[in-house]
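1. from the sequence below, what's the structure:
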Amino acid sequence: MNLFDKFAIALPVADFLAKYGSPAHQARWKTTLDAIQLNDAQKHLLGSFKRDMNVLVLAGAWCGDCSGQCPIFDRFAEAAPTLKIRYLDNADHEDVQEVLSINGGKRVPVAVFFSEDGFEVLRYGERPLSKYRQMMKDSAGDSCPTGIGTSKDPLLVQVIQDWLNEFERVQWILRLSGRLRKMHGD
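-> Okay, here's the model as predicted:
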C-alpha cells in the first residue's frame with residue numbers, strides 16, 4: 001500500500017474532529033492544544049524548516065494518547081508553515097491501521113512523514129520515549145536509580161520535545177537528501 005495516496009483523503013485537524021469527535025473529545029484536544037507552550041528555541045527551529053513535510057497521522061478522536069499528543073503537531077505547524085498535517089480515523093481506515101500496527105497491535109497515534117513529492121521518510125508512534133519512561137516508573141517504580149533518562153520537566157514538555165526531535169530529524173533528512181537538493185538547486 002502506498003500510504004501517501006491516503007494523504008490526499010486525510011483531513012486537517014478541525015475537519016477530523018468535527019467528523020469523528022464528540023464535543024467531549026473536541027474539548028480534550030483543545031485543552032491539550034491550549035496547554036502546549038513552545039519555547040523560543042523550539043519556535044526558531046521550526047521556523048527554520050525549509051522543506052515541505054507531509055505528515056499523515058492515524059488517530060482516533062476518542063483516544064487519550066491522541067488527544068494528549070496530536071495537538072502538538074498542529075502547534076508545530078503554526079510555527080512551521082512547511083508542515084502539512086492530516087488525519088485519518090483508525091476505525092474508518094482499517095487497511096491503514098493494519099499496515100501501521102506496532103508490535104502486532106492496533107495503536108494510535110502513528111505519524112508517517114513524507115517528502116513533498118510523496119516519498120516515505122519515517123514512521124513514528126504511538127507514544128514517545130518520555131511517556132514510556134513515565135509509564136514504566138508508574139508501573140514498576142524507579143528502574144534506573146542512576147538518574148539516566150529522568151527529567152525534572154513536566155511530562156507534556158518532555159513529550160513535546162520528543163516529538164520535535166522526530167520532526168527535526170525528518171527535516172534534516174529532507175534537507176540533506178541529494179535528490180531534493182538537486183530538485184531545489186541547493
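
2. top helix in this structure by residue count?
-> Secondary structure of the chain per DSSP state H: the longest helix is helix 155-176.

3. buried set for that one?
-> Residues 156-164, 166-168, 170-171, 173-174 are the ones in helix 155-176 that count as buried (16 or more other CB atoms under 10 Å). Placement of C-beta: from N, CA and C, glycine included.

4. which of the residues in whichever helix or strand comes after that helix are buried?
-> Later in the chain than helix 155-176, the nearest helix or strand by DSSP states H and E is helix 178-184. Of the residues in helix 178-184, L180 count as buried by neighbour count, 16+ other CB under 10 Å.

5. quick one: contacts of helix 178-184?
-> R51, S115, E116, D117, L174, R175 (CB atoms under 8 Å, 6 or more residues apart in numbering).

6. the same query, at a cut-off of 6 Å, please.
-> L174 (CB atoms under 6 Å, 6 or more residues apart in numbering).

7. now the angle from the helix or strand of the chain with the lowest mean pLDDT to helix 155-176?
-> Between all helices and strands in the chain, the lowest mean by mean pLDDT, DSSP states H and E belongs to helix 129-140, at a mean of 87. For helix 129-140 against helix 155-176, the angle by axes from the mean of the first three to the mean of the last three CA atoms, to 10 degrees is 140 degrees.

8. pull the CA atoms of helix 129-140 into CSV?
-> Extracted C-alpha coordinates of helix 129-140, given in CSV (Å, rounded to 0.1, in the frame of the first residue of the first chain):
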residue,chain,number,x,y,z
LEU,A,129,10.1,7.6,25.0
SER,A,130,9.3,10.1,27.8
LYS,A,131,5.8,8.7,28.0
TYR,A,132,7.0,5.1,28.2
ARG,A,133,9.5,6.1,30.9
GLN,A,134,6.7,7.6,32.9
MET,A,135,4.5,4.6,32.4
MET,A,136,7.4,2.3,33.4
LYS,A,137,8.0,4.3,36.5
ASP,A,138,4.3,4.3,37.4
SER,A,139,4.2,0.5,36.8
ALA,A,140,7.5,-0.7,38.2
